[in-house]
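Asks: build the 3D model from these lines:
(one chain, ligands or ions: 1)
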Amino acid sequence: MKNVQRQVIIAGNWKMYKTVKQATTLVDEILSAIAGEKNLPEIVLFPPFTALSAVEKSLKKSTIKFGAQNMDWHDEGAFTGEISPLMLVDLNAQYVLIGHSERRQHFGETNGTTPLRIKAALSHGLKPILCVGELIDEREAGLTDAVVSRQVGAALGDLTADQLAKIAIAYEPVWAIGTGNHCAAAEANRVCAMIRKTVASLLARLEDTATKGLQMNANYLPVLYGGSVKSSNIAELIKEEHIDGALVGGASLVAEEFVSIIKAAQARVKRTAKATSAASR
Ligand code: PGA
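Replies: This next block holds a predicted model:
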């Protein structure tokens, strides 16, 4: 089986925080703190829509990527208050979050609309990070795996192998978001591994899998953990085999915290590169 180096991603979800001025200040602080650093993970910022253009300008000469926190699936139309993939591409965005739990909880997003958004993003060349995760009641009822695999299957069930190779998934247990209590690393790792297996079983159903050499193996898929990630817990989380990075909310709003998280991920980047080169020798 071909050994594939999984991308390590540290993403900052700014939610409904930061004016344009505050956004550019934060970007400048992050840029100066990581200048000259090697083995950086893929860093992705998700500012509010109003700051996307300013963030794009500030990031012009850097390797940091950016994207939107949500997106409609139509190119244009009478959809008051919505933003289309065309508009994001127009701003040179590269990523988009799809199905964040706050969108599901407060704005009526469902397993029915995530696949539409995912497909629209991919057809416009945007990389989607699909967010999945269970509510506390669902966890307590023993439904975590059923809920999460249903969210994954609904969003990705009819993608091709080529399309599946272009996405990332963030496991964000809803009870851990914004609470200060992250999911224990071993349990987060277990669910991330289950997500990878679910995607592997989607791939196994596809006829083009074999021809594309993806070997029914979801080993290339970056699976991130999100939910109260901070500088004090990132090291224990990112040590886990199936956690390839983090989607960070609150701690991404403060440069020092976010940069500490980025730096903790450098060890993972180094380790992955070493393992890949050893395996290919
Ligand atoms: P949090 O948010 O890090 O503040 O818990 C994570 C998220 O909602 O993506």
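
Asks: shaky segments in this structure?
Replies: Filtered on pLDDT under 70, the chain yields the residue ranges 1-4, 207-218, 276, 279-281.

Asks: residue ranges for the helices of it, please.
Replies: 20-34, 52-59, 85-90, 101-106, 114-123, 136-140, 144-156, 161-164, 185-204, 208-211, 234-238, 255-280 (DSSP state H).

Asks: closest one to the ligand among those helices?
Replies: Among the helices of the chain, helix 101-106 comes nearest to the ligand, with 6.5 Å by C-beta to the nearest ligand atom. C-beta: built from backbone N, CA, C; applies to glycine.

Asks: quick one on the thing from earlier: would a markdown table of the helices of the chain with mean neighbour count be doable?
Replies: Putting these into a markdown table (neighbours: other C-beta atoms under 10 Å) gives the following:
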| stretch | mean neighbour count |
| --- | --- |
| helix 20-34 | 17 |
| helix 52-59 | 18 |
| helix 85-90 | 17 |
| helix 101-106 | 17 |
| helix 114-123 | 21 |
| helix 136-140 | 14 |
| helix 144-156 | 20 |
| helix 161-164 | 18 |
| helix 185-204 | 19 |
| helix 208-211 | 14 |
| helix 234-238 | 22 |
| helix 255-280 | 17 |
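
Asks: middle-most residue in this protein, spatially?
Replies: For the chain, the residue nearest the mean C-alpha position is Ile129 (3.9 Å; C-alpha atoms, centre = their mean).

Asks: which residues does the residue nearest to it when sequence neighbours are not counted contact?
Replies: Distance criterion C-beta to C-beta, 6 or more residues apart in numbering; nearest residue to Ile129, sequence neighbours excluded, is Ala168 at 4.7 Å. Contacts for Ala168 were tallied using C-beta atoms under 8 Å, 6 or more residues apart in numbering; they are Gln7, Ile9, Lys127, Pro128, Ile129, Leu130, Leu221, Pro222, Val223, Leu224.

Asks: can you rerun that using 10 Å?
Replies: Ala168 is in contact with 6-7, 9, 11, 42, 44, 95, 127-130, 221-224, 244-245, 247, counting by C-beta atoms under 10 Å, 6 or more residues apart in numbering.

Asks: who's in contact with Gly133?
Replies: Counted by C-beta under 10 Å, 6+ apart, Gly133 has contacts 99-101, 104, 139, 144, 147-148, 151, 170-177, 183, 191, 225-227.

Asks: swap in 6 Å and give it another go.
Replies: Ser101, Tyr171, Glu172, Pro173, Val174 (C-beta atoms under 6 Å, 6 or more residues apart in numbering).

Asks: name the nearest residue to the first one, sequence neighbours excluded.
Replies: The one in question is Ser101. Val174 is the one closest to Ser101 (C-beta to C-beta, 6+ apart), at 4.7 Å.

Asks: what number of neighbouring residues does that neighbour come out with?
Replies: Other residues near Val174 come to 22 when the count uses other C-beta atoms under 10 Å.

Asks: from the ligand, how far out is it?
Replies: From Val174 across to the ligand, the span is 9 Å (C-beta to the nearest ligand atom, to the nearest Å).

Asks: before we move on, what about Asn70?
Replies: 12 Å.

Asks: and for Thr63?
Replies: 22 Å.

Asks: coming back round to it: what residues are bridge-paired with the residue nearest to the centre of the chain?
Replies: Leu97, Ala168 (DSSP bridges).

Asks: leaving out sequence neighbours, find the closest residue to whichever residue of the chain sits closest to the ligand.
Replies: Nearest residue of the chain to the ligand (C-beta to the nearest ligand atom) works out as Gly249 at 2.2 Å. Nearest residue to Gly249 in three dimensions, chain neighbours excluded: Asn13, at 5.0 Å (C-beta to C-beta, 6+ apart).

Asks: need the nearest residue in space to Tyr17, chain neighbours excluded.
Replies: Using C-beta to C-beta, 6+ apart and skipping residues adjacent in sequence, the residue nearest Tyr17 is Leu253, 5.6 Å away.

Asks: quick one, phi psi at that neighbour?
Replies: Reported as degrees, to the nearest 10, the phi and psi values for Leu253 are phi -90, psi -10.

Asks: write out the residues of the protein neighbouring the ligand.
Replies: Applying C-beta under 6 Å from any ligand atom, one finds that the chain approaches the ligand through 13, 172, 177-178, 226-229, 247-251.
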